[in-house]
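Colleague: based on what follows, work out the 3D shape:
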Amino acid sequence: MSYGMYYEEFVPGQVIEHDLRKTITESDNNMFCLLTMNHHPVHCDIEYAKTHQHGRILVVGTLVFSLAVGITVQDISGHAVANLEYLNVKHLAPVFLNDTIHVSSEILARRESRTKPDRGIVHVLSRVFSQNGQEVLSFERKVLVFKKG
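Modeller: Numbers count the residues shown, from 1 in each chain. Take a look at the predicted model:
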């Protein structure tokens, strides 16, 4: 199995439909709440959530973001040295328990490193969708990726 692409393989305008998907379970959301100390009742209290705008438990937005980044690793950052920055993270629609997300990424640009000739920077826009095709999150990131050889 190929794990990630090298700098030369990224082409501006290229769109990658990531194969991995993730159904976000109640236990995923609860564990993330515990790990991140986000105990807002809209994420973990069914009775409270019933009185909220959506009437049901919302998945923590940063969990959706974290899962989306993870889903892209196999294709985008498998040969990365580092993620350099995240830009324009936009929460576009709510995600609920048992929603399944998938991700599509577009290569916006790339440039060679100014200081390290064996690597380059790839600028990526990733869009996250629910099982019904609704875009729920988008974000950009810049990834420092090794060149071949």
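
Colleague: so what's the residue sitting nearest the centre point of the chain up against?
Modeller: In the chain, the centroid-proximal residue (CA atoms, centre = their mean) is residue 68; its distance is 2.3 Å. Contacts of residue 68 were listed using CB atoms under 8 Å, 6 or more residues apart in numbering, and they are 101, 103, 126, 128, 137, 139. Where you see a C-beta, it was placed from the backbone N, CA and C, and this is true even at glycine.

Colleague: helix, strand or coil for it?
Modeller: When states are read from DSSP: H, G, I helix; E, B strand; the rest coil, the local structure at residue 68 comes out as helix.

Colleague: alpha carbons of stretch 128-148, in CSV - could you do that?
Modeller: The C-alpha coordinates for stretch 128-148 follow below in CSV (Å, rounded to 0.1, in the frame of the first residue of the first chain):
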residue,chain,number,x,y,z
VAL,A,128,-15.5,17.5,4.8
PHE,A,129,-19.0,16.1,3.9
SER,A,130,-21.6,14.2,5.8
GLN,A,131,-23.3,11.0,4.5
ASN,A,132,-25.9,13.1,2.8
GLY,A,133,-23.4,15.1,0.9
GLN,A,134,-23.7,18.3,3.0
GLU,A,135,-20.4,20.1,3.4
VAL,A,136,-19.9,20.4,7.2
LEU,A,137,-16.3,21.7,7.5
SER,A,138,-13.5,23.0,5.3
PHE,A,139,-9.9,23.9,6.0
GLU,A,140,-6.6,24.7,4.3
ARG,A,141,-3.2,23.5,5.4
LYS,A,142,0.4,23.8,4.3
VAL,A,143,2.4,20.6,4.5
LEU,A,144,6.2,20.2,4.2
VAL,A,145,6.7,17.1,2.1
PHE,A,146,9.8,15.2,1.0
LYS,A,147,10.8,15.0,-2.7
LYS,A,148,11.4,11.6,-4.3
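
Colleague: helices of this protein, start to end?
Modeller: In the chain, the helices defined using DSSP state H lie at 26-36, 41-44, 46-50, 61-72.

Colleague: in a markdown table, list these along with distance to residue 120.
Modeller: As requested, these are exported to a markdown table (distance: least, CB to CB, whole Å):
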| stretch | distance to residue 120 |
| --- | --- |
| helix 26-36 | 33 |
| helix 41-44 | 39 |
| helix 46-50 | 45 |
| helix 61-72 | 18 |
